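Trainee: Predicted model, plus sequence, below.
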Amino acid sequence: MDLAQRLLSGDMRALARAISMVERHDPDLPELLLAVRPSAGRAHVVGITGPPGGGKSTLADGLIERWRTQRRSVGVLAVDPSSPFTGGAILGDRVRMQRHTLDSGVFIRSMAARGHLGGLAAAAREAIRLIDAAGRDVCLIETVGVGQSELEVMHTVDTVVVVTTPTSGDGVQMIKAGIMEIPDVFVLNKADLPGADRMIRELRAVVHEAAHTRPKRFVGSDGGAAGPAWEPPVIRCIASEGSGVDELVAAIDRHREHIEQSGELQRRRVERYIAEVESIVAEMAVQRARTALRRGTIDIPDDGDLTHADPYAVASQLLDSPGPG
Ligand SMILES: Nc1nc2c(ncn2[C@@H]2O[C@H](COP(=O)(O)OP(=O)(O)OP(=O)(O)O)[C@@H](O)[C@H]2O)c(=O)[nH]1
Ligand SMILES: [Mg+2]
């Protein structure tokens, strides 16, 4: 059996190998992705993000446990900002999640945040496709929501969960400043710490206001006629004690149901598809430029005077030229 067939039959070792191919940008990857494509699109893809140390991994651990109780198979992709690009699996500090590694219904994989040719979001999208095609019911992506590329990863999922804590007002501030789009589900974790009640009130107020002033994000692609708008719930959790996790699982399921019924799921998938095409175009263009440079087919003055060589003109010339150059 070839790798694609093994992956499609749910072989987790094949899945691990396939994700390594994403990491090292293996030339055989496009063919593999094409082969598994018809089998993807069934998993519920959930993203979890938030500030460092907010309890994302602890929550993920709780989610995995609940999902397993419901007999759902799980694939976790932990995007690790601190790990160097090694091309292998590094579990880092995700010690708690590791206890699931003996359960064949749980697949956990770390991926370095840097070192991806086509960008982190593109790599995450490919890894998600593979996990999905391998038949996992839920695919969970954890990123630290600090960098732009990590935020972009959240555009590749169906349901975005943002974790905040009483000690980090980041979530509230980022939404107020318009840096971050409103997530689908908010978690106020570490509710055992002082200031939790005030933070919950503040989050609910911000979400409520945003739901009315920025309505588009919350309704179906037809602008709202598809049914009631989605107002993101704010779930109170103490992840380290497992408290609030059942409510979080229920909120995630409710959101999935909502986007399915409102047509939002389809809209997000189309958006994702366009982003995928865009990043492939960008990568192909860079490849073409490199080839042209190597072959000397780009018209760049070689006397060292580049002040009159408009790089835009060179780029247009390159894109207009037939074939891969
Ligand atoms: N007091 C309190 N501590 C918590 C809670 N949830 C998690 N923690 C602790 O917070 C610390 C960080 O938890 P993680 O789950 O690793 O947080 P993370 O967001 O995944 O961290 P990074 O991946 O490093 O960004 C750990 O020591 C947890 O035990 C909570 O609800 N209350
Ligand atoms: Mg973590």
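Mentor: Thanks, I have the structure now. Numbering: from 1, shown residues only. Ligands and ions are numbered 1, 2, ... in the order given.
Trainee: burial measure for residue 305, as a count.
Mentor: Residue 305 has 8 neighbours, counted by other C-beta atoms under 10 Å. (C-beta placed from N, C-alpha, C; glycine too.)
Trainee: Assign it to helix, strand or coil.
Mentor: Following DSSP: H, G, I helix; E, B strand; the rest coil, we place residue 305 in the coil state.
Trainee: residues contacting the closest residue to ligand 2 within the stretch 201-325 of the chain?
Mentor: Taking C-beta to the ion, ligand 2 has its nearest neighbour within the stretch 201-325 of the chain at residue 239, 10.8 Å off. Counting by C-beta atoms under 8 Å, 6 or more residues apart in numbering, residue 239 makes contact with 55, 58-59, 61-62, 189-190, 245.
Trainee: Generate a PyMOL selection restricted to the buried subset of those.
Mentor: In PyMOL, this line selects whichever of the contacts of residue 239 come out buried by 16 or more other C-beta atoms under 10 Å:
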select buried, resi 55+58+59+61+62+189+190+245
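Trainee: which two of the contacts of residue 239 lie the greatest distance from each other?
Mentor: With C-beta to C-beta as the measure, no two of the contacts of residue 239 lie farther apart than 61 and 190, at 14.9 Å.
Trainee: of all the residues in the stretch 201-325 of the chain, which ones are close to ligand 1?
Mentor: Counting by C-beta under 6 Å from any ligand atom, the residues of the stretch 201-325 of the chain close to ligand 1 are 238-240.
Trainee: rerun that using 8 Å as the cut-off
Mentor: By the rule C-beta under 8 Å from any ligand atom, the part of the stretch 201-325 of the chain lying against ligand 1 is 237-241, 243.
Trainee: phi, psi of the residue lying closest to residue 186 once chain neighbours are set aside?
Mentor: Using C-beta to C-beta, 6 or more residues apart in numbering and skipping residues adjacent in sequence, the residue nearest residue 186 is residue 234, 4.3 Å away. The phi/psi pair for residue 234 (degrees, to the nearest 10) reads phi -110, psi 110.
Trainee: Centre of the chain to stretch 266-278, how far?
Mentor: Distance of stretch 266-278 from the chain centroid (C-alpha atoms, centre = their mean, to the nearest Å) equals 13 Å.
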